[in-house]
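Colleague: Have a look at this prediction, sequence included:
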Amino acid sequence: MSQKIITVTLLCLGIIAYVFLQETSAGTLYQYVDKNGVVCFTDTPPEKYEKKAKTSIKYRDPTPQEIAQQEAQERQRRQMRQMNEDRERAARESIERQGEQRRQQMDRNREFQREQERESQRRQESADRLEAEARKPISGSHGMTKSQRDMLIEAERIRLGQ
């Protein structure tokens, strides 16, 4: 007899637990306006507002399938966010590399230009010395000698970089 009582008791407790779990996992959210004009939301409206309360939202706990689906969607959102962040980082790095390459190219161009200017200056100085040598008067001659004219022509070629 005591086994039957224990079995019936356990069965009743199981039914009560099932009903309790069903009540806590599903329900309705009601909306009503109180005497001060404040909009209130509750799962059990006060008796005086029961007739005026509107069903606002019916809610229940999500099923395991819904939870799995939500988790999958969240994983997908995180992956998309990570992909976007990776793309943005790659784009920033690419822009920074391009900027650095442009700066390096500008530095090379400036250095090349300075070297060209130094080379032009060296040619000019060399041509000036050669021209000064060519214009020195030679004792015993009344004009320019052929070698002096050749030196002047060479000085001009040096200036032109030929």
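Modeller: Cool, the structure landed.
Colleague: Show me what the helix or strand hosting Asn84 packs onto, helices and strands only.
Modeller: Using DSSP states H and E, Asn84 sits in helix 64-135. When contacts are defined as 3 or more C-beta pairs under 8 Å, 6 or more residues apart in numbering; DSSP states H and E, helix 64-135 sits against helix 146-160. (C-beta placed from N, C-alpha, C; glycine too.)
Colleague: May I have the helix it packs on as CSV, with CA atoms only?
Modeller: In CSV, the C-alpha atoms belonging to helix 146-160 read as follows (Å, rounded to 0.1, in the frame of the first residue of the first chain):
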residue,chain,number,x,y,z
LYS,A,146,92.6,76.3,-82.7
SER,A,147,93.2,74.5,-79.4
GLN,A,148,91.5,77.4,-77.6
ARG,A,149,88.4,77.2,-79.9
ASP,A,150,88.3,73.5,-79.4
MET,A,151,88.4,74.0,-75.6
LEU,A,152,85.4,76.5,-75.8
ILE,A,153,83.5,74.0,-77.9
GLU,A,154,84.3,71.3,-75.4
ALA,A,155,83.2,73.5,-72.5
GLU,A,156,79.8,74.1,-74.3
ARG,A,157,79.4,70.3,-74.8
ILE,A,158,80.1,69.7,-71.1
ARG,A,159,77.4,72.3,-70.1
LEU,A,160,74.9,70.5,-72.3
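Colleague: Low-confidence ranges, this structure, go.
Modeller: 1, 7-27, 56-59, 141 (pLDDT under 70).
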